[in-house]
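Enquirer: pasting the structure only:
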């Protein structure tokens with residue numbers, strides 16, 4: 001037995017795979033007792049689960065789960081922490097229903113508790129004699145004592161392997177959750193205005209009608225469109241995106257509808273357009289208000305007849321797509337001014353959603369700040385930074401003309417420039433003051449010039465570009481965003497003033 005103990009110990013040493021180890025453990029015990037049936041059980045919550053079985057009836061035993069309220073040999077051994085020998089035909093502790101469907105019944109059961117290093121019991125192992133005369137098990141007291149030592153060796157090794165696997169699974173689960181958190185584009189907010197929009201999104205998900213999303217730049221229109229697709233009937237099909245204002249008109253047409261080889265210089269092969277590539281799925285057309293009129297007519301044909309005609313082709317191709325479109329413009333006003341087709345508008349806006357600007361959902365700002373801090377902290381592999389109460393007050397009091405995108409960029413900037421664990425007010429407004437916040441990271445992360453006393457201006461750490469930009473914003477605000485009046489007050493003609501506004505990236509936000 002001593003040599004067997006040594007060999008058994010060697011076979012267990014260093015093995016961390018529970019599946020391999022439990023087979024070695026159980027087969028070694030069965031070999032020492034010259035029997036062919038056995039099983040290993042572990043207590044999980046309020047049940048005893050068979051994690052390994054050997055013998056002809058293995059498939060009928062492995063995976064069985066018994067309630068702790070049911071009487072069983074393994075349950076008695078686990079709860080009492082003692083070895084036992086049982087005659088299943090006479091022992092009231094035996095759970096007979098388990099063997100009702102077995103062709104060969106157990107005639108004698110030897111069951112040992114499984115201990116961890118701290119001597120706590122986590123399971124039991126059964127060595128089972130199926131011979132009619134119950135003659136195979138060696139029940140000599142000294143032999144069983146030595147066998148108990150072998151079981152103790154195996155049970156500690158098996159317990160370590162099981163704990164290792166659980167920790168490994170937990171780690172993998174955390175990695176998966178972290179990856180999902182990093183990759184998932186969360187939609188955050190609990191304000192009434194925002195929740196009204198989200199309730200519409202949920203109700204639209206089960207439909208296949210086209211959706212028009214309106215809202216200022218930076219309110220999350222593409223995020224909502226993607227969520228709508230993932231929640232809808234086409235979620236297993238493509239979701240393709242095209243910004244209608246980011247590319248020239250001729251290129252936009254070829255991107256949307258595709259082209260045939262030789263359709264124009266450089267068309268060396270056929271190319272599928274976005275609508276054809278997204279067949280069965282969703283096409284998201286961002287900034288639809290910037291789409292040229294001739295392409296609007298082509299889009300209308302897609303909506304009316306479900307067909308596209310690639311550039312240079314004489315044949316149409318049928319497609320099945322749901323169109324989700326978005327714009328920051330006042331699209332109804334554009335229809336009234338004949339700059340956007342009325343028939344196209346009605347077909348696109350079957351199901352409308354309006355996303356409120358951040359200044360109309362200020363109660364969501366703390367949630368968004370914490371979300372962005374947690375996400376950026378996860379990406380960096382560090383602990384998310386906190387925000388002091390005064391810093392949060394400044395964040396919630398700002399008007400956020402760039403909406404959520406502006407807030408997100410600011411948080412990224414603050415994550416880099418803040419050395420400690422808490423973002424302070426000084427990091428948000430380096431020049432002091434409560435009435436303005438940075439427009440984004442970098443040089444813009446400073447307060448604009450502000451009037452401190454009549455006739456005095458505090459320029460703080462402002463650059464020349466910031467001074468010019470905020471002076472233009474001041475004139476526009478003073479004149480209710482009338483460019484002509486603001487230009488007159490600046491001493492410039494209207495075209496020069498408007499040109500400078502474009503260079504500064506200033507444009508009126510549509511409500």
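Expert: Looks like it came in fine. Model, not experiment: these values are computed from the prediction.

Enquirer: do a quick rundown of the strands in the stretch 351-500 of the chain.
Expert: Remark: strands assigned in the stretch 351-500 of the chain by DSSP state E, counting those that start in this stretch are 351-354, 386-387, 422-423, 450-453, 456-458.

Enquirer: of the ones you listed, which shows the lowest average pLDDT?
Expert: With a mean of 40, strand 450-453 has the lowest mean pLDDT of the strands of the stretch 351-500 of the chain.

Enquirer: straight-line length of stretch 100-116, end to end?
Expert: By Cα to Cα, to the nearest Å, the extent of stretch 100-116 from end to end equals 33 Å.

Enquirer: same check, this time on stretch 49-64
Expert: 6 Å.

Enquirer: which residues are contacting that stretch?
Expert: 18-19, 22-23, 26-27, 30, 36-43, 65-66, 98, 101-104, 123, 128, 130 (Cβ atoms under 8 Å, 6 or more residues apart in numbering). Bear in mind the C-beta positions are built from the backbone N, C-alpha and C, glycine included.

Enquirer: buried stuff in it?
Expert: Within stretch 49-64, the residues that count as buried by 16 or more other Cβ atoms under 10 Å are 49, 50, 51, 52, 53, 54, 55, 57, 61, 62.

Enquirer: and the next helix or strand past the helix or strand where residue 202 lies?
Expert: Using DSSP states H and E, residue 202 sits within helix 192-205. Counting by DSSP H and E, the next helix or strand C-terminal to helix 192-205 is strand 211-214.

Enquirer: against which helices or strands is that following strand packed?
Expert: Where contact means 3 or more Cβ pairs under 8 Å, 6 or more residues apart in numbering; DSSP states H and E, strand 211-214 is packed against helix 221-231, strand 322-327, strand 351-354.

Enquirer: got JSON lines for those, with mean neighbour count and distance to residue 295 too?
Expert: Formatted as JSON lines, these follow (neighbours: other Cβ atoms under 10 Å; distance: least, Cβ to Cβ, whole Å):
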{"stretch": "helix 221-231", "mean neighbour count": "19", "distance to residue 295": "19"}
{"stretch": "strand 322-327", "mean neighbour count": "25", "distance to residue 295": "13"}
{"stretch": "strand 351-354", "mean neighbour count": "17", "distance to residue 295": "22"}
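
Enquirer: tell me how far the nearest residue to residue 421 once chain neighbours are set aside lies from residue 471.
Expert: Once flanking residues are discounted, residue 421 sits nearest to residue 385: 5.7 Å by Cβ to Cβ, 6 or more residues apart in numbering. According to Cβ to Cβ, to the nearest Å, residue 385 and residue 471 sit 34 Å apart.

Enquirer: of the two, who's got more company?
Expert: A count of neighbours by other Cβ atoms under 10 Å puts residue 385 above the other of residue 385 and residue 471, at 19 against 14.

Enquirer: which ones are touching the more buried one?
Expert: 373, 377, 414, 415, 418, 420, 421, 422, 423.

Enquirer: so which of those residues are in helices?
Expert: 373, 377, 414, 415 (DSSP state H).

Enquirer: got any ranges where the protein has weak pLDDT?
Expert: Of all residues in the chain, those with pLDDT under 70 make up the ranges 1-16, 166-185, 429-462, 509-511.

Enquirer: residue most distant from the centroid, it?
Expert: Centroid-distance maximum for the chain: residue 133 at 61.1 Å, with Cα atoms, centre = their mean.

Enquirer: quick one: that residue from residue 107, how far?
Expert: 8 Å.

Enquirer: got it, and residue 81?
Expert: 25 Å.

Enquirer: between the two, who's got more neighbours?
Expert: residue 107 (19 against 13).

Enquirer: surely the more buried one touches residue 99?
Expert: No: counting by Cβ atoms under 8 Å, residue 99 is not a contact partner of residue 107; they are 10.8 Å apart.

Enquirer: mind listing the shared neighbours of these two?
Expert: Common neighbours of residue 107 and residue 99 (Cβ under 8 Å, 6+ apart) are residue 88.

Enquirer: can you report how many residues neighbour residue 413?
Expert: For residue 413, using other Cβ under 10 Å, the count is 18.

Enquirer: residue 269 now?
Expert: Look at residue 269: counted by other Cβ under 10 Å, it has 8 neighbours.

Enquirer: which residues sit in contact with the closest residue to it other than its chain neighbours?
Expert: Among residues not flanking residue 269 along the chain, residue 261 sits closest, at 5.2 Å (Cβ to Cβ, 6+ apart). Going by Cβ under 8 Å, 6+ apart, residue 261 touches 267, 268, 269, 270, 312.

Enquirer: equivalent analysis for residue 186, please.
Expert: So residue 186 contacts 371, 375 (Cβ under 8 Å, 6+ apart).

Enquirer: what do you get if the cut-off is 10 Å, keeping everything else the same?
Expert: By Cβ atoms under 10 Å, 6 or more residues apart in numbering, the contact set of residue 186 is 223, 227, 368, 371, 372, 374, 375.

Enquirer: and for residue 271?
Expert: 254, 255, 257, 258, 259, 260, 261, 263, 277, 310, 311.

Enquirer: in this structure the fourth one contacts residue 315, no?
Expert: This points to residue 258. No: if you go by Cβ atoms under 10 Å, residue 258 and residue 315 don't touch, sitting 11.9 Å apart.

Enquirer: the helix holding residue 202 vs helix 221-231, what angle?
Expert: 40 degrees (axes from the mean of the first three to the mean of the last three Cα atoms, to 10 degrees).

Enquirer: what does helix 192-205 contact?
Expert: Counting by Cβ under 10 Å, 6+ apart, 187-191, 210-211, 213, 215, 219-220, 224-225, 227-233, 235, 324, 350-358, 360-361, 363-364, 367 sit against helix 192-205.

Enquirer: how far off centre is it?
Expert: The chain centre lies 20 Å from the centre of helix 192-205; the measure is Cα atoms, centre = their mean, to the nearest Å.

Enquirer: what number of residues lie near residue 404?
Expert: For residue 404, the count of nearby residues is 25 (other Cβ under 10 Å).

Enquirer: thought it was touching residue 219?
Expert: Yes: counting by Cβ under 10 Å, residue 404 does reach residue 219; the two are 6.2 Å apart.

Enquirer: touching both of these two, which residues are there?
Expert: Both residue 404 and residue 219 are in contact with 355, 357, 358, 361, where contact means Cβ under 10 Å, 6+ apart.

Enquirer: correct me, but the last one touches residue 216?
Expert: In this case it means residue 361. No: at 12.0 Å, residue 361 and residue 216 do not qualify as touching, with contact defined as Cβ under 10 Å.

Enquirer: mutual contacts of those two, please.
Expert: Listed as contacting both residue 361 and residue 216 by Cβ under 10 Å, 6+ apart are 355, 400, 403, 404.

Enquirer: helices - which of those land there?
Expert: Those of the shared contacts of residue 361 and residue 216 lying in helices (DSSP H): 403, 404.

Enquirer: check the shared contacts of residue 361 and residue 216 and tell me the two furthest apart.
Expert: 355 and 400 (13.3 Å; Cβ to Cβ).

Enquirer: quickly list what's touching both of those two.
Expert: 216, 218, 361.

Enquirer: grab the nearest non-local neighbour of residue 191.
Expert: residue 361 is the one closest to residue 191 (Cβ to Cβ, 6+ apart), at 3.9 Å.

Enquirer: that older thread, can you flag which of the contacts of residue 271 belong to strands?
Expert: Cross-referencing the contacts of residue 271 against strands under DSSP state E gives 258, 259.

Enquirer: of the contacts of residue 271, closest to residue 394?
Expert: The closest of the contacts of residue 271, once distances to residue 394 are taken by Cβ to Cβ, is residue 255, at 42.4 Å.

Enquirer: so how many other residues sit close to residue 199?
Expert: Neighbour tally, residue 199, other Cβ under 10 Å: 11.

Enquirer: for the one 4 residues further on, same thing?
Expert: Other residues within reach of residue 203, judged by other Cβ under 10 Å, total 10.
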